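Q: Here is my input, please return the structure:
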Amino acid sequence: MEMSFDFDKRLQDSEDKGKSSFDSFEELKKNLGDIFSSAGSKLGFVFPAGNMEEKEADGDNRKEKEFVEFIKKIKSFNMKPREIRDFLDRFVIKQSEAKKVLSVAICDHYNHVRRCLWDEKSSQTEYNKQNVLLLGPTGVGKTYLIKNIAKLIGVPFVKVDATKFSETGYVGSDVDDMIRDLIKAANGNVKLAQYGIVFIDEIDKIAISSNFEGRDISGRGVQINLLKLMEESEVNAYSQTDMISQLRVAMSFASGSVEQKQSINTKHILFIASGAFDRLVDIVKTRVGNKSIGFGFNLSSNDQDEVYEYLKKVSTADFIKYGFEPEFIGRLPVRVACEALKADDLKNILISSEGSILKQYVEDFAGYGIKFSVDDDALTEIARLAANEKTGARGLLTILEKLLRDSKFELPSTDIKSMRVTKSFVADPAKALSNLMRKRSMPKTAAPSANRVKKHTKKMKQP
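A: Residues are numbered from 1 along each chain as shown. Okay, here's the model as predicted:
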């Protein structure tokens, strides 16, 4: 039932009665709730009408319980870097150096948070966060590493794209929005969000080109604003342009109270940034030359190996030349290069990773009662084709989708109950699917018995 509120009619009624209908605080609060409910139903939102105090109290109690449980977990945090590394090995193939660096940074950070929770004086001491910068090509597992770390520790996690932010927030988003996204990831619990992890992808895209001219709205200004967040800054939990926030203020005004300004301190939020940094290799190559890469290293042997070896040699001066402000890159003191994935690594992902895309395909076909399997030599060929895509592990999904697109469409409508992907299937999926359907879905007719044939023949010979 649509709810509406006619201000003119109510005011006219109040004049006729000689008194204002808004004298009653409870009625005003209910009327505002009705307005917002009506507007919300048209816009796709739902706003509570009445009993606001009770509902807000329930939400506050739930958030407080979440925070208490989280604090207990952090206070008892006693994981070792090797334990975190072993956990990551279950999901991410290769990247041993990145796993080592991240494991140490995570343990150091949350050990510090634990000390602050046990002793308030520790939170007042100077502490330099080990914010991390991951360098490497797309699809090597940078995001997947951070997601699994956040899952292991149980902290709020948010991934943002650096390219969507601008200096002022008028063109693009304000950098403070990434902190507000973290609060949303914590179900609105500000206390919980202040210990979360922010992962900033495509960070190399906000570097300033050396030949840049004109007003910068997405590079240097974003870097300056980000470096404040990455060290310590107070961020308003609610944006002034957020509709929900404005409605909260209106409801508070209606109740006669003042909406308390909520803010979040970023001191204990761990920032991890990543990027491909394609142009950075040329800068490092110019500085160090070929000879300093290592004895016996052949630059022409593998372009991916070459990129990795150069990225391991990157320095702060290289980042500054690339287009980063010294203060900004200084807020990312822990840097590690990620290795590109080869065909053998991609096959290992399909076989060994707990997050293998093959498991998803097994479940998809099982939903139609079809048993799905892949031969080892077929896995080798799939991995080879995926490596040619040059998109890392994402290439596996690209190849598998091409190979199995028609099978996922056609087989559920047949009586076929098993499907096996062979090397020949990978070579020609259309032909292999056609052969499978012709063999399995051909109707079976019972052959006539010998006695029936004899009787029929004898009957035909009679005059």
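
Q: contacts, neighbours, all on C-alpha from now
A: Noted.

Q: neighbours around the residue lying closest to Ser263 once chain neighbours are set aside, how many?
A: In this structure, Ser263 finds its nearest non-sequential neighbour in Asn236, 4.3 Å apart by Cα to Cα, 6 or more residues apart in numbering. Using other Cα atoms under 10 Å as the criterion, Asn236 is surrounded by 16 other residues.

Q: what's the answer for Glu66, then?
A: 16.

Q: same thing with Tyr322?
A: Tyr322: 21 surrounding residues under other Cα under 10 Å.

Q: so it makes contact with Leu280?
A: Yes: Tyr322 is within contact range of Leu280, at 6.4 Å (criterion: Cα atoms under 8 Å).

Q: sorry, back to before: now for the residue nearest to Ser263: which residues touch it?
A: Asn236 sits next to 176, 261-264 when contact means Cα atoms under 8 Å, 6 or more residues apart in numbering.

Q: mind listing the strands for the stretch 351-463 of the chain?
A: For the stretch 351-463 of the chain, the strands defined by DSSP state E, counting those that start in this stretch cover 371-374, 418-421.

Q: swap that for the stretch 101-250 of the chain, sorry
A: 132-135, 157-161, 197-201, 234-236.

Q: okay, the helix or strand in which Asp305 is found in CSV with CA atoms only?
A: Element membership of Asp305, judged by DSSP states H and E, is helix 303-311. Presented in CSV, the C-alpha positions along helix 303-311 are these (Å, rounded to 0.1, in the frame of the first residue of the first chain):
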residue,chain,number,x,y,z
ASP,A,303,60.1,-11.7,-21.8
GLN,A,304,58.2,-12.6,-18.7
ASP,A,305,61.3,-13.6,-16.8
GLU,A,306,62.9,-10.4,-17.9
VAL,A,307,60.1,-8.2,-16.6
TYR,A,308,60.2,-10.0,-13.2
GLU,A,309,63.9,-9.6,-12.8
TYR,A,310,63.8,-5.9,-13.5
LEU,A,311,60.8,-5.3,-11.2
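
Q: Which positions in that helix come out as buried?
A: For helix 303-311, burial by neighbour count (16 or more other Cα atoms under 10 Å) applies to 304-311.

Q: Tell me the first helix or strand C-terminal of it.
A: By DSSP H and E, the next helix or strand past helix 303-311 is helix 316-322.

Q: Could I get the pLDDT score of Lys73?
A: Lys73 is assigned 81 on the pLDDT scale.

Q: before we move on, what about the one 5 residues further on?
A: On the pLDDT scale, Asn78 is placed at 87.

Q: which residue sits closest to it, ignoring its sequence neighbours?
A: Asn78 sits nearest to Asn111 (Cα to Cα, 6+ apart), 7.8 Å away.

Q: out of the strands of the stretch 101-250 of the chain, nearest to Trp118?
A: strand 197-201 (21.0 Å; Cα to Cα).

Q: could you check the angle strand 157-161 makes with the closest one?
A: With axes from the mean of the first three to the mean of the last three Cα atoms, to 10 degrees applied, the angle from strand 197-201 to strand 157-161 works out at 20 degrees.

Q: what does strand 197-201 rub up against?
A: Residues contacting strand 197-201 (Cα under 8 Å, 6+ apart): 143, 146, 150, 155-162, 178-179, 182, 269-275.

Q: any weak-confidence spans in the stretch 201-350 of the chain?
A: 209-218, 240-261, 290-302 (pLDDT under 70).

Q: which stretches of it form helices?
A: 220-231, 243-254, 280-288, 303-311, 316-322, 326-330, 343-352 (DSSP state H, counting those that start in this stretch).

Q: With distance to Met437 as extra columns, can I get those in TSV?
A: Conversion of the helices of the stretch 201-350 of the chain to TSV gives the following (distance: least, Cα to Cα, whole Å):
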stretch	distance to Met437
helix 220-231	57
helix 243-254	54
helix 280-288	51
helix 303-311	42
helix 316-322	56
helix 326-330	58
helix 343-352	27
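
Q: just so I know, which of the ones you listed lies nearest Phe365?
A: Of the helices of the stretch 201-350 of the chain, nearest to Phe365 by Cα to Cα is helix 343-352, at 16.8 Å.

Q: Just name whatever secondary elements that closest one is in contact with.
A: helix 376-388 (3 or more Cα pairs under 8 Å, 6 or more residues apart in numbering; DSSP states H and E).

Q: please redo it, this time with the cut-off set to 10 Å
A: Packing partners of helix 343-352 (3 or more Cα pairs under 10 Å, 6 or more residues apart in numbering; DSSP states H and E): helix 357-366, helix 376-388, helix 394-410.

Q: Sweet, I'm off.
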